[in-house]
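S.K.: here is a sequence with its predicted model. Questions after.
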Amino acid sequence: MRPFAFALLLSTSLVYGQSTALVCKNLKAAQTTERIVVDGVLDELSWMTASIGTEFVQNEPRPNEPSHFRSEVLVLFSDQAIHVGAVLHDNPDSVMMRLSGRDQIGITDWFGVVLDPYQSGRNGFEFIVTAAGVQFDAIIANEGEDENWHAVWHSAARITQQGWVAEMSIPYSAFRFPKANEHVWSAQFMRLVGRTREKSFWNPIDPLKEGWLRQCGMLTGINGIDAPLRLMLLPYASAYAQHFPQNDPDQKDWTSTFNGGMDVKLGLSDAYTLDMTLIPDFGQVVSDNVVLNLSPFEVQFNENRQFFTEGTELFQRGDLFYSRRIGGVPLLRDNLYDAIGSGERVTEDPGVSKLINATKVSGRGAKGLGIGVLNAVTRATYGTITDSLGNTREVLTDPLTNYNVLVADQQLPNNGYVSLINTNVLRDGSTYDANASALDFILNNKARSLQGNGVFRYAQKQVQGLSDASGYSYEAGLRKTGGAWTYGAEYEEISPDFDPNDLGFWQLTNYRGGNGSLDYTKYKPKEPFQRRSYTFDAEYLRVIQPDHFFNFAMGLSTFQLLQSFNAFGGMIRTEPVLTYDPFEARVPGRVYEFPVNMLYEAWFSGNYNLPYTVDARAGYRRFYERDRHNLFLSVDQRFRPTDKLFFILSSWHEKKNDDIGWVAFAGDDIILGQRDQWTTEIGLEGSYTFTNRLSLNADVRHYWSRAHYLAYHELLFDGKLADSDYTGNREDGTSRHDVDFDAFTVDIWLRWNFASGSEITLGWKDNIFARDGAVQQNYLDNLRDTWAAPGINSLSLKAIWFLDAGSFINRKKQ
């Protein structure tokens, strides 16, 4: 029986078993018809009628022990909103009130609410306010948080003689809930005391039990409310001025643009929401961390465009969707340079395709069915070639393209799910189309102590409706998830032709193998430790075509958290036998014999409560051939001189000695180069928060990497290296493969939230990228030359208004 089928049968049996009892508190909300003023003072008479939720229990640092700080929670509901008041007892002089931008709360005192109106145990809405009045919200799941989701709600915080008070008013339009006469919602209330790092919950959260969302309590007593019309309009206007030295009298150094458009959010029902971006403007996204890439793999960049980061958790099922493909580098960009004739040059090369519009529908119904649909269209993109007489012609670099993603995700008993996802790319003209699908599932037994999982994927390309290439991948695993000891194993297989990268991101193909891990966590160790954990893992891989041994590796790692909030850990990892890399040669079927090696890493993280602390990581990888080794050191210095100012000075240094990598094809020979590579990255990231609505953020990064080639070798068919007469030199004797690359980026943003959901942002971006064949050795000389290189300077101003059209229409109907 194939491993995937075996795991499917085994994991299906997991739904049977003994259940584990969980504590489930109940808090009854009281109805109010009063106008509740959100000011941090619970002086309306309605608060006197509300039940009180108390007896919070620690989750950190001492799980399942009573909190050291009394917390009292009251909940009211009206026709328009849920109102939450929290009296948080403490010494008022000790309450941490660190200011930060929205959704960047860090280590400070805060109070939060989680609502799971569908009682799914997997998904919920989180609302947090700090003692300084800073808001944070997210869509949460057992797998993590979607911090890019933003709702419009109201909150206030106030210091009192008893400690501090948090007050929230969350409109029904800010979250989804099912139709019902009597509402019973899963709910959780939580608190962090910054100076002691004590995180406590109203309903106890046991870290030894899988899935913290299923450990919520119940919010009852809510009746007579209906989901309102959810229609929110976010029109925007923006202006840009950009400078780039063209060194051409016929082209302007300065350009300017003015844009306008709108985002629309419409509740299609109580469960599903339509999001549209009309005439999108992503000019104020932060700069990518560009690097020198000498590997055979594409570099993956973070998605920073809000439309593609907010509320997209459903689209991550199956690992087939990488939103940077939409409006990314034009598919046929190389054709532009291949078309250059004698006396011609490229005068316009759009680096990205232009997005016309994008739409997504997402949500989850009362029976646990989640639906996600995303559609985006990019217009045809052209580059321009100019000849010596000034005549121009256009070359198509990306055809009109339609991108589609469809997800159906059904929740199963015991916090499991099964999902079907499809991605589809349709291109105008004769350029190929692409399609990929996946079936993804997780199944748990009733005690949530055993978990089975599996994914099957299939991808194909089509030219004018005819299949051109197709491939598959699948993985299946079984894992013990409850208790201090956890362990599991997984098998995976990826065919040679599996390629979902037209709308996904996938690097490794043509291999099969298994991996396993064993973990131990101690949540209440002896002093001075607060938590200790250890992990052992191993993997064995083989190349599929031709059948060949690929890799065997083992590793042991540890994490140690002290009661002083300092933490440290490390890792030892080894590939104890010769392994065979099927990717570096850039030719299917050819492998490179990779030497036996050992990797050692150690790290330390300081106490973030202090005004100054350090995070550091160091590593050494020893290869048992020649003098080949890698060294790296990372140091992040964290400064917080005041509650308003915070910045991090970071540095990364890496040296690869006698590294081996592909450089060229010489006839039928594959040439690998022996090189030394040095990389240095210096960054400054900081913020100054004037108020909880006005903040200044800055991110400055200088990346410098250079490679110097020492020798060249021919790759033999058995994977070994042989001497080669290939020199890699130009006619002047310099190496054509030596490279010195710099990236210098500056992002500065002044952001003012002048009203709920509305903001004005003033930004400055400076991007310099320089590549040279002459390798420099002095950092200051290199930095000076980088600053002298031409760069793109951009000034921008963007205003976004939040219009709650749904509330306006609802009032008109009344």
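M.R.: Structure's in. What do you need?

S.K.: SS state for the spatially most central residue of the chain?
M.R.: In the chain, the residue lying closest to the centroid (Cα atoms, centre = their mean) is Asn302, at 6.6 Å. Here Asn302 is recorded as coil under DSSP: H, G, I helix; E, B strand; the rest coil.

S.K.: and what of Phe307?
M.R.: helix.

S.K.: ok, and the closest non-adjacent residue to it?
M.R.: Closest residue in space to Phe307, ignoring its immediate chain neighbours: Thr277 at 4.8 Å, by Cβ to Cβ, 6 or more residues apart in numbering. Just so you know, the C-beta spots here come from the backbone N, C-alpha and C atoms, and that holds for glycine as well.

S.K.: which strands and helices sit next to the helix or strand hosting the one you found?
M.R.: Using DSSP states H and E, the element containing Thr277 is strand 272-278. In terms of contacts (3 or more Cβ pairs under 8 Å, 6 or more residues apart in numbering; DSSP states H and E), strand 272-278 is packed against strand 254-267, strand 355-364.

S.K.: just send those back as a markdown table, with mean neighbour count too.
M.R.: A markdown table is the format used below for the helices and strands packed on strand 272-278 (neighbours: other Cβ atoms under 10 Å):
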| stretch | mean neighbour count |
| --- | --- |
| strand 254-267 | 14 |
| strand 355-364 | 20 |
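
S.K.: tell me which of the ones you listed sits nearest to Ser200.
M.R.: Of all the helices and strands packed on strand 272-278, it is strand 355-364 that lies closest to Ser200, at 28.9 Å by Cβ to Cβ.

S.K.: just the angle between that closest one and strand 272-278, please?
M.R.: 170 degrees (axes from the mean of the first three to the mean of the last three Cα atoms, to 10 degrees).

S.K.: can you give me the helices in this structure?
M.R.: Along the chain, counting by DSSP state H, helices occupy 3-12, 306-309, 333-338, 779-788, 805-813.

S.K.: now what about stretch 553-561, what contacts it?
M.R.: The contact list for stretch 553-561, computed with Cβ atoms under 8 Å, 6 or more residues apart in numbering, reads 529-539, 567-576, 579.

S.K.: buried stuff in it?
M.R.: For stretch 553-561, the neighbour count (16 or more other Cβ atoms under 10 Å) marks Ala553, Gly555, Ser557, Phe559, Gln560, Leu561 as buried.

S.K.: report the two of those separated the most.
M.R.: Ala553 and Leu561 (26.7 Å).

S.K.: how far away is Ser323 from Asn289?
M.R.: Counting by Cβ to Cβ, to the nearest Å, the gap from Ser323 to Asn289 is 17 Å.

S.K.: could you do Met168 as well?
M.R.: The gap separating Met168 from Asn289 is 36 Å, by Cβ to Cβ.

S.K.: so which of these two has more stuff around it?
M.R.: Comparing Met168 with Asn289 by other Cβ atoms under 10 Å, the one with more neighbours is Met168, at 24 against 15.

S.K.: hmm, the more buried one is touching Val38, no?
M.R.: Yes - at 7.3 Å, Met168 counts as touching Val38 under the criterion of Cβ atoms under 8 Å.

S.K.: need the overlap of contacts for those two.
M.R.: His83, His154, Ser155.

S.K.: circling back to that earlier point, just send the buried residues of stretch 553-561 back as a markdown table, with distance to Asn424 and pLDDT too.
M.R.: Formatted as a markdown table, the buried residues of stretch 553-561 follow (distance: Cβ to Cβ, whole Å; pLDDT from 0 to 100):
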| residue | distance to Asn424 | pLDDT |
| --- | --- | --- |
| Ala553 | 37 | 98 |
| Gly555 | 39 | 98 |
| Ser557 | 40 | 98 |
| Phe559 | 42 | 97 |
| Gln560 | 47 | 97 |
| Leu561 | 46 | 95 |
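
S.K.: nearest to Val113 among these?
M.R.: Leu561 (26.9 Å).
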